[in-house]
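Engineer: Sequence first, predicted coordinates after that:
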Number of protein chains: 2
Amino acid sequence: MKELEERIQKDGRILGNDVLKVDSFLNHQVDPVLMQKMGQEFYNYFHNKPITKILTVESSGIAPAVMTGLEFKKPVIFARKHKSITMNNDTYIADVYSFTKKTTNKISIAKHFLNEEDHVLIIDDFLANGQAVSGLTSIIKQANATLEGIGIVIEKTFQKGRQLIDQQNIPILSLARIKAFKNGQVVFAEE
Amino acid sequence: MKELEERIQKDGRILGNDVLKVDSFLNHQVDPVLMQKMGQEFYNYFHNKPITKILTVESSGIAPAVMTGLEFKKPVIFARKHKSITMNNDTYIADVYSFTKKTTNKISIAKHFLNEEDHVLIIDDFLANGQAVSGLTSIIKQANATLEGIGIVIEKTFQKGRQLIDQQNIPILSLARIKAFKNGQVVFAEE
């Protein structure tokens, strides 16, 4: 998505070797007009799938997911993050490991929002090592729902998340694909 | 807002004496079409103000705030919640006490997203005791920005938040105003 790539070039900040900070339009301050265009891109790509629910993780996934849900006119569920949560009968729970923070969080979804009749589109802000997507996929399996596809705002192709998804033959659209950070600049993968 | 009141009657669940759970369309699962209509209501009410930024708190404020920002075509900032955060030069910080959980959280905003030229509209999901709004107001003051108004999805008129805001003569629009829970039913305040 050209407009997103240009925005990343303009406003993204590279921290260390592999962290891209986009808190001026996605992760802390949000550009709603850009979010709407991203929702339209995801809709254009996945609209032939029988999507019943959009699934994301709080907080940075919410804005792109809600804009995608608006196009599909379907509900959006955002998984809650917890330091700890006890297994119970009302909640699906999965682990999400953070390579950046070196900690494991739990994510959860109330069971009555997801069941075997659901066809789910996952939307998330970043795909790096694929831990958030793996956690959401685990929850979709627990619910016996069908995962129809994954929409990612920014993918880092040099980390292993994309490979994990491709191995499972899950349709995926990443709106911006970063293959490297070079001399403080973002290098995008070719289409 | 009639459609919101009907949705609360249909899907809201009352817990204990004063808690309304609306996690099927606002707080965990989100109805994006309803969120868009709420954003339009806030825009219609506040569009004569010179709004430059929409301000909310993660996570449940994000969906209505982003839809409001879409109407205004202005950036949305969501304050981050922390169990603890240390004062530093880059961040505005305020305390938010939760009467439900009896704990104090910190909320924060990166300083470079808010300054004395900003005219801010606060959007939040609930107004009860007004603690979140007070925290956001404190941050707006720290930034020497101007608070232009407050948009609330669901107000509980029998708690003290509204009074706090009215005492400061801040323009406010609540889309649904609940004056009581009676025999397991929601009673709305008259217009």
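Structural biologist: Yep, it's here.
Engineer: And the pLDDT for the most far-flung residue of chain A relative to its centre?
Structural biologist: Distance from the centre of chain A peaks at A:Asn183, with 27.2 Å (CA atoms, centre = their mean). The score at A:Asn183 is 88. That number is its pLDDT.
Engineer: any idea how far A:Asn48 is from A:Pro171?
Structural biologist: According to CB to CB, to the nearest Å, A:Asn48 stands 10 Å off from A:Pro171. C-beta coordinates here come from the backbone N, C-alpha and C atoms, glycine included.
Engineer: about what we covered before: the residue farthest from the centre of chain A and chain B, how far apart?
Structural biologist: Using CB to the nearest CB, to the nearest Å, one gets 24 Å for the distance from A:Asn183 to chain B.
Engineer: So for A:Asn48 and A:Pro171, which sits in the more crowded spot?
Structural biologist: Set A:Asn48 next to A:Pro171 and count neighbours by other CB atoms under 10 Å in any protein chain shown: A:Pro171 wins out with 14 against 8.
Engineer: How about the contacts made by the closest residue to that one other than its chain neighbours?
Structural biologist: In this structure, A:Pro171 finds its nearest non-sequential neighbour in A:Gly149, 4.2 Å apart by CB to CB, 6 or more residues apart in numbering or on different chains. Contact analysis of A:Gly149 by CB atoms under 8 Å, 6 or more residues apart in numbering or on different chains lists A:45-46, A:49, A:121-122, A:170-173.
Engineer: same check, this time on A:Phe78
Structural biologist: A:Phe78 makes contacts with A:55-58, A:61-62, A:65, B:28, B:30, B:59, as judged by CB under 8 Å, 6+ apart.
Engineer: Name every strand pairing with the helix or strand it falls within and say which way it goes.
Structural biologist: Assigned by DSSP states H and E, A:Phe78 belongs to strand A:76-82. Partner strands and pairing direction for strand A:76-82 (DSSP bridges) are strand A:53-57 (parallel), strand A:103-110 (antiparallel), strand B:29-30 (antiparallel).
Engineer: For the last one, which outside residues touch it?
Structural biologist: Think strand B:29-30. For strand B:29-30, contacts defined as CB under 8 Å, 6+ apart pick out A:62, A:66, A:69, A:75-78, A:110, A:113, B:23, B:63.
Engineer: Would you tell me what the next helix or strand after it is?
Structural biologist: Next along the chain from strand B:29-30, counting by DSSP H and E, comes helix B:32-46.
Engineer: Nearest residue to the middle of chain A?
Structural biologist: A:Asp124 (1.4 Å).
Engineer: and the angle for the helix or strand containing that one with helix A:32-46?
Structural biologist: According to DSSP H and E, A:Asp124 maps onto strand A:119-127. Inter-element angle recorded for strand A:119-127 and helix A:32-46: 130 degrees (by axes from the mean of the first three to the mean of the last three CA atoms, to 10 degrees).
Engineer: for strand A:119-127, packing partners?
Structural biologist: helix A:32-46, strand A:53-57, helix A:62-72, helix A:131-142, strand A:146-156, helix A:161-167 (3 or more CB pairs under 8 Å, 6 or more residues apart in numbering or on different chains; DSSP states H and E).
Engineer: Output the set of residues of chain A in proximity to chain B.
Structural biologist: A:23-25, A:28-33, A:35-36, A:58-59, A:62-63, A:66-67, A:69-70, A:73-78, A:80, A:109-110, A:113 (CB under 8 Å from any CB of the partner chain).
Engineer: hmm, 6 Å instead?
Structural biologist: A:29-33, A:36, A:58-59, A:62-63, A:66, A:69-70, A:73, A:75-77, A:113 (CB under 6 Å from any CB of the partner chain).
Engineer: Kindly write the PyMOL command that selects the buried subset of those.
Structural biologist: Of the residues of chain A next to chain B, the buried ones can be selected in PyMOL as follows, counting by 16 or more other CB atoms under 10 Å in any protein chain shown:
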select buried, chain A and resi 29+30+31+32+33+36+58+59+62+63+66+69+70+75+76+77+113
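Engineer: before we move on, the earlier item: now, of the contacts of A:Gly149, which are buried?
Structural biologist: Buried residues within the contacts of A:Gly149, counting neighbours by 16+ other CB under 10 Å: A:45-46, A:121-122, A:172-173.
Engineer: and the gap between the residue farthest from the centre of chain A and B:Thr86?
Structural biologist: 33 Å.
Engineer: I figured A:Val22 hits A:Gly12, correct?
Structural biologist: Yes - taking CB atoms under 6 Å as the definition, A:Val22 is a contact partner of A:Gly12 at 5.1 Å.
Engineer: returning to what we had before: return the member of the contacts of A:Gly149 nearest to B:Leu4.
Structural biologist: Nearest to B:Leu4 among these is A:Leu121, at 26.0 Å by CB to CB.
Engineer: Show me what the closest one is bridged to.
Structural biologist: Under the criterion DSSP bridges, A:Leu121 forms beta bridges with A:Ile54, A:Gly149.
Engineer: ok so, going back, residue contacts, the residue nearest to the centre of chain A?
Structural biologist: A:56, A:61, A:132, A:152 (CB atoms under 6 Å, 6 or more residues apart in numbering or on different chains).
Engineer: what's the farthest-apart pair in these?
Structural biologist: So, these by CB to CB: farthest apart are A:Thr56 and A:Ile152, at 10.9 Å.
Engineer: do you know how far the residue nearest to A:Ile122 when sequence neighbours are not counted is from A:Gln168?
Structural biologist: Using CB to CB, 6+ apart and skipping the chain neighbours, the partner closest in space to A:Ile122 is A:Ile150 (4.6 Å). Noted for A:Ile150: a distance of 10 Å to A:Gln168, by CB to CB.
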